[in-house]
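Q: Next one to model:
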Amino acid sequence: MTIPQGLHHIEINVQNLGKTKAFYGWLLPELGFSLFQEWEKGFSYKMESLYLVFVQTEDLYKDIPFHRKRSGLNHLAFWAKSRAQIEHLRVQLKKKNISFLYEDKFPFAGGENHYALFFEDPDRLKIEIVAPR
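A: Residues are numbered from 1 along each chain as shown. From the prediction side, this is the model:
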């Protein structure tokens, strides 16, 4: 029996579960994730042994919104299959009126050898999609 290694899962509390589900419901399958679980207050997507969980923030804790510049999670970075996939995602994001971060430096905002696309999810969590070399 092989023992899994690495990251098991990431759980993220969100302000509006419906908006988050609409956002990640098209993005994560594009990146190779499959819907794993769904329940009244959350959902998850899985790829191999890693899964991402999104849970509705309880009303008691919704008064302070997420900001990636505070202590804690800054961003999620996903592998793209290719530069062409990044270009495809960029077109899809534009159609969905999702604005980009560092658009003036696209596709090398992360450096001259780092082909990537940056944008934010509905809670303003930074998402990075990176192409392999």
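Q: how's this protein carved up into domains?
A: Listed domain ranges for the chain are 7-59, 74-133 (source: automatic domain parsing).
Q: now those as a markdown table including distance to Pro65, mean neighbour count and mean pLDDT?
A: In short, each C-beta sits where N, CA and C put it, glycine included. Output for the domains of the chain, formatted as a markdown table (distance: least, CB to CB, whole Å; neighbours: other CB atoms under 10 Å; pLDDT from 0 to 100):
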| stretch | distance to Pro65 | mean neighbour count | mean pLDDT |
| --- | --- | --- | --- |
| domain 7-59 | 6 | 15 | 96 |
| domain 74-133 | 7 | 15 | 95 |
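Q: May I see these arranged in JSON lines, with distance to Met1 as well?
A: Compiled in JSON lines, these are given as follows (distance: least, CB to CB, whole Å):
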{"stretch": "domain 7-59", "distance to Met1": "13"}
{"stretch": "domain 74-133", "distance to Met1": "27"}
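Q: Skip the chain neighbours and tell me the closest residue to Glu11.
A: Using CB to CB, 6 or more residues apart in numbering and skipping residues adjacent in sequence, the residue nearest Glu11 is Val53, 4.1 Å away.
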